[in-house]
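[1] Could you look at this predicted model? Sequence included:
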Amino acid sequence: MTAHRVAVKICGLVRPDDAAVAEAAGAAYLGTILAGGPRLVSLEQAAAVLGPRRAGIQRAAVFGQQTDADIVRMAAALDLDIVQLHHAPSVEQIAWLQRETACTVWPVARVSGSSLPTDVDEWTAEAGALVLDALVVGQLGGTGVALDWSGLADAVGAWRERHPAATLVLAGGLNPRNVAAAVQLLSPTVVDVSSGVERAPGEKDATLVHHFVQAAHGAAETAP
């Protein structure tokens with residue numbers, strides 16, 4: 001496998017200072033949560049966290065049960081690049097949101113075990129991207145629960161053969177100690193971390209953020 005430099009998304013940001021830490025550490029994506037949970041922020045808070053445009057960094061927000069019209073409004077207000085959908089969207093919704101927001105849409109597949117949900121091929125064909133996150137009943141992410149990366153390797157490999165140009169975003173239980181193994185097993189395009197670089201929900205630890213980015217980049221550069 002040819003080595004590639006995996007990009008890092010620091011998600012669940014609730015403080016502007018933590019966004020600055022993520023930028024300094026080398027993150028390529030900054031993410032806020034508008035879908036609920038302990039890292040939920042208001043639209044105004046998300047705007048403050050994301051701040052002005054930063055060179056080379058894309059802006060993302062996680063949505064849950066908002067209406068399509070609300071997602072369009074919020075994406076425009078936050079000047080988003082990425083709309084991340086955590087509620088099993090339809091293909092038609094993905095296409096509509098891409099058109100109306102001019103953003104890239106990342107549909108999230110919530111995974112349990114060693115197989116992928118049946119919708120992933122349709123979602124990927126429309127969006128050109130797929131997020132893999134752990135299925136935890138009643139929660140939409142940021143749980144700290146890791147996927148079975150080794151068990152998923154065959155399913156992800158088959159998915160990649162069907163969608164060779166698609167962006168694969170790996171989330172779910174990543175931290176500085178395990179991200180290298182995850183990268184080497186599944187070769188994602190992006191690794192997405194929230195709770196794995198925190199000292200408390202929403203409170204990022206600068207040392208952990210830097211270590212996570214270094215570990216992700218180092219794993220990609222030494223992948224077989």
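    In hand now; what should we look at? This one's a predicted model, so the numbers in the text were calculated from it and none came from an experiment.
[2] Residue ranges in this structure under the pLDDT threshold?
    The model of the chain has pLDDT under 70 over residues 1-3, 135-144, 220-224.
[3] Which residue ranges of it form strands?
    For the chain, the strands defined by DSSP state E occupy 7-10, 29-33, 58-63, 82-85, 104-111, 129-134, 167-170, 190-193, 198-200, 203-204.
[4] Dump these to CSV, plus distance to Ala219 and mean neighbour count.
    For the C-beta atoms, the positions are set from N, CA and C on the backbone; glycine is no exception. Shown next, in CSV, are the strands of the chain (distance: least, C-beta to C-beta, whole Å; neighbours: other C-beta atoms under 10 Å):
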stretch, distance to Ala219, mean neighbour count
strand 7-10, 11, 25
strand 29-33, 18, 26
strand 58-63, 21, 25
strand 82-85, 23, 26
strand 104-111, 21, 23
strand 129-134, 17, 24
strand 167-170, 12, 23
strand 190-193, 9, 27
strand 198-200, 21, 14
strand 203-204, 21, 20
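[5] roughly how far apart are Ile94 and Glu126?
    Relative to Glu126, Ile94 is positioned 5 Å away (C-beta to C-beta, to the nearest Å).
[6] now do Arg39
    28 Å.
[7] ditto for Val190
    According to C-beta to C-beta, Val190 stands 18 Å off from Glu126.
[8] Next, count neighbours for Trp96.
    Number of residues near Trp96 (other C-beta atoms under 10 Å) recorded here: 16.
[9] Next: Asp17.
    Count around Asp17 with other C-beta under 10 Å applied: 11.
[10] picking up where we left off before, who has more neighbours, Arg39 and Glu126?
    A side-by-side neighbour count of Arg39 and Glu126, using other C-beta under 10 Å, places Arg39 first with 23 against 18.
[11] Find the nearest non-adjacent residue to that one, please.
    Gly12 (3.8 Å; C-beta to C-beta, 6 or more residues apart in numbering).
[12] was I right about that neighbour contacting Ser195?
    Yes. At 7.1 Å, Gly12 counts as touching Ser195 under the criterion of C-beta atoms under 8 Å.
[13] So which of these two has more stuff around it?
    Neighbour count, other C-beta under 10 Å: between Gly12 and Ser195, Gly12 has more, with 27 against 21.
[14] Run a quick neighbour tally on Arg15.
    By the criterion of other C-beta under 10 Å, Arg15 has 15 neighbours.
[15] Apart from its neighbours in sequence, what residue is nearest the residue nearest the centre of the chain?
    Central residue check for the chain by C-alpha atoms, centre = their mean: the C-alpha nearest the mean position is that of Asp192, 4.3 Å away. Distances taken as C-beta to C-beta, 6+ apart put Ala171 closest to Asp192, at 3.9 Å, once the chain neighbours are dropped.
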